[in-house]
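Q: Just the structure for this:
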Amino acid sequence: MAQITNKRLGELIQALFRILEKHPDGMKAQEALAALADAVTLTEYEAGSYESGRRFEKIVRFATVDTVRAGWLIKEGGIWTLTQEGAQALKLYEDPLEFHKKAAQLYQQWRKHYKGVQSDAQAPIVTDVEEVEDESEKSVSVSYEEAKEQAQEKIDTFLHAMDAYDFQKLVADLLRAIGYHVTWIAPPGKDGGVDILAYTDPLGTQGPRIKVQVKQQQKAVTEPDLKSFMANIGQHDSGIFFCTGGFTKDAETYARSQESKRIMLIDSAKLVQLWTDNIPRLSDQAWQRLPLTPIYFLTPEG
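A: As a prediction, the model looks like this:
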């Protein structure tokens, strides 16, 4: 039976981390895996396939479970982002084997803390990935991760293919389902930086006025882009920025730093979460704009 050593696992994840270091705003999982495959020389075993997909990708996904629990890597909405702790670990543990062992140790500490599972320090180190795949916790985690990524990828493709004005109306439908009262939707064409106006009450006499900008693009919104929108937000207004391409780290930091102006950033993953949470409150016409059907998976614990 072909095997892969812990040292090799460490080498692969270190190479992945070096790639992610160059992308502080994160990378789509498939893009990160493709970049990693190009950056390393795959063994015959790694280049093989399982019925469920390419073996190399399975190896890396299983190996990253430890690093996520260690706090070194964040996986959210199909985007993989290296944390500050992950970057520090990459520098601190230069030896691939030590790097892997530390991640595995932190994973065991996580299991003990969150699940009450006692780790056995004397247990043999597993070096065969096909044996690792029998670990139900990691198997569920990887399967769940892949299912979410595939679903989000298809939804993103659908959203980007929509007519721009239909997407704007989709956002307005979502706001209504949440409970806001939409009073104006900008017609097609130049909108002056505001696409939707809404209030928290039917007459618009209570609470803040909500100004919404909608961007249907694959490029992430930058800090200058966000500042341009913020210029339209008055002291008593709240702002919501929807962008299917997400937001750069600088833009997110700028939004969090606002004290007098309230601003919320919504990327495609958050939009989908809000949409599915509010499906019972969507009109039939609204649901048809993004006809999602919930499918349930066993969620990894923790």
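Q: just the strands in the stretch 151-300 of the chain please.
A: 181-185, 196-199, 209-215, 237-243, 262-266 (DSSP state E, counting those that start in this stretch).
Q: Out of these, which gets nearest to residue 41?
A: strand 237-243 (37.9 Å; Cβ to Cβ). Yep, even glycine has a C-beta here, placed from its N, CA and C like the rest.
Q: so what secondary structure elements neighbour the closest one?
A: strand 209-215, helix 223-230, strand 262-266 (3 or more Cβ pairs under 8 Å, 6 or more residues apart in numbering; DSSP states H and E).
Q: distance between the first one and the chain's centre?
A: If you compare the mean C-alpha spot of strand 209-215 with that of the full chain, they lie 22 Å apart, counting by Cα atoms, centre = their mean, to the nearest Å.
Q: Need the residues that contact it.
A: For strand 209-215, the external contacting residues (Cβ atoms under 8 Å, 6 or more residues apart in numbering) are 167-168, 171, 175, 180, 193-200, 221, 229, 232-234, 236-245.
Q: and the helices and strands packed on strand 237-243, which is most packed in?
A: strand 209-215 (a mean of 22; mean count of other Cβ atoms under 10 Å).
Q: Count the neighbours of the closest residue to residue 176 other than its chain neighbours for me.
A: The shortest distance from residue 176 to any non-neighbouring residue, by Cβ to Cβ, 6 or more residues apart in numbering, is to residue 182 (5.7 Å). Burial measure for residue 182: 18 neighbouring residues, criterion other Cβ atoms under 10 Å.
Q: Residue 174 is in contact with residue 182, correct?
A: No. At 9.8 Å, residue 182 does not count as touching residue 174 under the criterion of Cβ atoms under 8 Å.
Q: what comes up buried for stretch 86-100?
A: By neighbour count with 16 or more other Cβ atoms under 10 Å, stretch 86-100 contains the buried residues 86, 87, 89, 90, 93, 96, 97, 99, 100.
Q: Export the helices and strands packed on strand 237-243 to TSV and append columns for mean pLDDT and distance to residue 70.
A: Formatted as TSV, the helices and strands packed on strand 237-243 follow (pLDDT from 0 to 100; distance: least, Cβ to Cβ, whole Å):
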stretch	mean pLDDT	distance to residue 70
strand 209-215	96	34
helix 223-230	95	30
strand 262-266	95	27
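Q: Residue 250: which of these is closest?
A: That would be helix 223-230 among the helices and strands packed on strand 237-243, by Cβ to Cβ, at 4.2 Å.
Q: now for the closest one, which elements pack on it?
A: On a contact count with 3+ Cβ pairs under 8 Å, 6+ apart, helix 223-230 meets strand 237-243, helix 249-256, strand 262-266.
Q: Where does the prediction get shaky in the chain?
A: 1-2, 51-53, 115-137, 191, 298-302 (pLDDT under 70).
Q: change it to 50
A: Counting by pLDDT under 50, the chain has low-confidence residues at 1-2, 119-134.
Q: For the longest helix belonging to it, buried residues please.
A: If each helix of the chain is counted by residues according to DSSP state H, the longest one is helix 136-161. Residues 137, 138, 141, 142, 145, 146, 148, 149, 152, 155, 156, 159 are the ones in helix 136-161 that count as buried (16+ other Cβ under 10 Å).
Q: Looking at those, which is nearest residue 3?
A: residue 138 (17.3 Å).
Q: Would you confirm that that closest one contacts residue 59?
A: No. If you go by Cβ under 8 Å, residue 138 and residue 59 don't touch, sitting 11.7 Å apart.
Q: is it possible to export the strands of the stretch 151-300 of the chain to CSV including distance to residue 74?
A: Compiled in CSV, these are given as follows (distance: least, Cβ to Cβ, whole Å):
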stretch, distance to residue 74
strand 181-185, 33
strand 196-199, 30
strand 209-215, 23
strand 237-243, 19
strand 262-266, 16
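Q: wait, which of those strands is closest to residue 29?
A: Here strand 237-243 is closest among those (Cβ to Cβ), at 19.7 Å.
Q: which residues are contacting that closest one?
A: By Cβ under 8 Å, 6+ apart, the residues outside strand 237-243 that reach it are 171, 175, 208-215, 217, 220-221, 226, 229-230, 232-233, 247, 261-267, 271.
Q: Next: stretch 272-280.
A: Under Cβ under 8 Å, 6+ apart, the answer for stretch 272-280 is 152, 155, 174, 177, 178, 266, 282, 287, 290, 292, 294.
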